[in-house]
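[1] Structure for the following, please:
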Amino acid sequence: MSEPGFWGYRRPDGSAGIRNHVAILAVMDSANGIVKSLSNLVRGTVAIPVWYGRGQFGNDDTVFRRAQVGLGTNPNVAAVLVVSLEKVSAEKVAGSIALSGKPVEHISVQDVGGTVEAIAAGMRKLLGMVSEASAQRPEWIPLSEMVLGVECGGTDTTSGVAANPAIGWVADRVVDAGGTVYLSEASEWMGAEQILARRAANEEVSDAIWAAVRRIEDSAIARGVDIRGANPVPDNIRGGITTIEEKSLGAIIKGGTTEVKGVLDYAVKAEGKGLYCMDTAAPAAESMTGLSAGGAQMILFSTGQMNIMGGLLSPTVKVTGNPRTAAKLADNVDVDVSPMLEDESLEEAGARLLDFSLQVASGRFTRAEMLHDEDIAISRFEPTV
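    Next up is the predicted model:
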């Protein structure tokens, strides 16, 4: 155990989880009530409700199902119960999750006889799943098997000069150890995309970075919005951010300084190791859901003025560089790096954050976990038909 690592749970596909959830996954929103009831009734489970799930076509349906399967196969999930209104969608999602080797069962509400019967059948299936998951003992996992997502929200000037650099320091240590880091929120690259592109592993990756930013800009303009005039948003401005370039320069540093290996679509797992950009929307729930569906075990989330939300499956460490936030919103802060504004070095703050992150990876709860400030939201791209 001389090299950095954490105590985690080995999955059938070889990945390592930092939590041992049995997930109850709704395939469509009509099953949300049953999923929530089952989670309340059976200890050791986590409910994954969704919005929509029907009337989606083309790329919208592809991304939605990919995200659901990604959540079910996240390394922090030990087993999955899939719940749908009808059999076809339940079997489709459960079958895709089963390809990972993970234990998975499914229920069709229409076939078992309605809500009461579905809850009874679900409880019987979950009892065996939870019993098996709870019997698994953690093992020592090297840092090279970490998949880390980095996120920001409630950005202010301290984010760019303290919290994000500290997260970036940790990201570099993960990559140096042979692990994987996902830098999210493509709109937060705008104004600094040329810097990311210069760090690209090859021309294809560079082109993909430029294309992701261009798509966001063109999409906004097509809807009559110039994102360059709408970002930074009012709370960013209130926190001292003056331009989109200033915000983006601070945002991208949380991914560290290493070579960008690739640009991932929403909820897609990296095939290799190193730093990857994931093309997610900026809102935290959507972005973190994409990171979790892409296999992130943990998320480091910088917040100057405080965004309380955490990922539902990926424990989310809230990091602030704002001393006022650290004092006023202390209940929601995991790591305070505001001493960097005075005399603490980047290396000292980064080392503290890495140590705390490895404790979380080994079982320590984050504030968002303890306070149930967790949710998911799969991104939508088209109207429902």
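[2] Make sure Ile378 is indeed in a strand.
    No - using DSSP: H, G, I helix; E, B strand; the rest coil, the secondary structure at Ile378 is coil, not a strand.
[3] So what's the residue count around it?
    Neighbour count of Ile378, defined by other Cβ atoms under 10 Å: 24. Backbone N, C-alpha and C define where each C-beta goes, glycine included.
[4] what pLDDT does it get?
    pLDDT, Ile378: 96.
[5] And it, how close does it get to Thr316?
    Distance of Ile378 to Thr316, given as Cβ to Cβ, to the nearest Å: 17 Å.
[6] now Ala171
    Using Cβ to Cβ, one gets 15 Å for the distance from Ala171 to Thr316.
[7] Kindly report the same for Arg352.
    Counting by Cβ to Cβ, the gap from Arg352 to Thr316 is 17 Å.
[8] do the same with Val93
    Distance, Val93 to Thr316, using Cβ to Cβ: 25 Å.
[9] what do you get for Lys261?
    Going from Lys261 to Thr316 by Cβ to Cβ gives 24 Å.
[10] out of the two, which sits in the busier spot?
    Taking neighbours as other Cβ under 10 Å, Lys261 and Thr316 compare with Thr316 leading, 31 against 22.
[11] Name the nearest residue to that one, sequence neighbours excluded.
    Nearest residue to Thr316, sequence neighbours excluded (Cβ to Cβ, 6 or more residues apart in numbering): Gly310, at 3.4 Å.
[12] I'd say that neighbour and Met370 touch.
    No - Gly310 lies out of contact with Met370 (Cβ atoms under 8 Å); the separation is 9.9 Å.
[13] Tell me how many other residues surround Gly272.
    9.
[14] Can I take it that it is in a helix?
    No - in this structure, Gly272 is coil, not part of a helix, as judged by three-state DSSP.
[15] For Gly262, see how far away it is.
    7 Å.
[16] can I assume Gln136 is in contact with Tyr9?
    Yes - in terms of Cβ under 8 Å, Gln136 counts as a neighbour of Tyr9; the distance is 5.7 Å.
[17] ok, those two, which is more surrounded?
    Taking neighbours as other Cβ under 10 Å, Gln136 and Tyr9 compare with Tyr9 leading, 21 against 13.
[18] Mind listing residues that contact the strand or helix carrying that one?
    Secondary-structure assignment from DSSP states H and E places Tyr9 in strand 5-10. Here strand 5-10 makes contact (Cβ atoms under 8 Å, 6 or more residues apart in numbering) with 16-20, 75, 78, 136, 138-143, 145-146, 297, 358, 361-363.
[19] Could you tell me which of those residues are located in strands?
    Residues of the contacts of strand 5-10 located in strands (DSSP state E): Ala16, Gly17, Ala78, Glu139, Trp140, Ile141, Pro142.
[20] Just give me how far stretch 16-28 sits from the chain centre.
    A distance of 13 Å separates the centroid of the chain from that of stretch 16-28, by Cα atoms, centre = their mean, to the nearest Å.
[21] how far does that stretch stretch from start to finish?
    28 Å (Cα to Cα, to the nearest Å).
[22] Also stretch 13-21?
    One end of stretch 13-21 to the other measures 16 Å (Cα to Cα).
[23] Now that stretch: buried residues?
    For stretch 13-21, a neighbour-count test (16 or more other Cβ atoms under 10 Å) marks Ser15, Ala16, Gly17, Ile18, Arg19, Asn20, His21 as buried.
[24] Make CSV out of those residues and add pLDDT and distance to Gly44.
    Formatted as CSV, these follow (pLDDT from 0 to 100; distance: Cβ to Cβ, whole Å):
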residue, pLDDT, distance to Gly44
Ser15, 97, 20
Ala16, 98, 19
Gly17, 98, 14
Ile18, 98, 16
Arg19, 98, 11
Asn20, 98, 8
His21, 97, 8
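[25] just curious, which of the residues you listed is nearest to Gln194?
    Ser15 (34.3 Å; Cβ to Cβ).
[26] That closest one and Gly294 touch, don't they?
    No - judged on Cβ under 8 Å, Ser15 makes no contact with Gly294 at a distance of 11.9 Å.
[27] Now do the shared contacts for the two.
    In contact with both Ser15 and Gly294: Val147, using Cβ under 8 Å, 6+ apart.
[28] can you give me the helices for the stretch 251-385 of the chain?
    Using DSSP state H, counting those that start in this stretch, the helices of the stretch 251-385 of the chain run over 284-293, 323-328, 346-361, 367-370.
[29] What residues of the longest one count as buried?
    What that stands for is helix 346-361. Across helix 346-361, burial judged by 16+ other Cβ under 10 Å covers Ala349, Gly350, Arg352, Leu353, Leu354, Phe356, Ser357, Leu358, Val360, Ala361.
[30] same deal with the second one?
    Of the residues in helix 323-328, those with enough neighbours to count as buried (16+ other Cβ under 10 Å) are Thr325, Ala326.
[31] I'd like the average pLDDT over it.
    On average, helix 323-328 scores 96.
[32] next one: it to chain centre, how far?
    Computed by Cα atoms, centre = their mean, the separation of helix 323-328 from the middle of its chain amounts to 25 Å.
[33] quick one: contacts of that helix?
    Contacts for helix 323-328 (Cβ under 8 Å, 6+ apart): Thr303, Gly304, Gln305, Met306, Thr320, Val333, Asp336, Ser338, Leu341.
[34] Can you say which of those are buried?
    Listed as buried from those are Thr303, Gly304, Gln305, Met306, Thr320, Val333, Asp336, Ser338; burial here means 16+ other Cβ under 10 Å.
[35] Which of the residues you listed fall in strands?
    Thr320, Asp336.
[36] Tell me how far the residue located most distally from the centre of the chain lies from Arg364.
    Distance from the C-alpha centroid of the chain, by Cα atoms, centre = their mean, peaks at Gly113 (35.3 Å). Going from Gly113 to Arg364 by Cβ to Cβ gives 43 Å.
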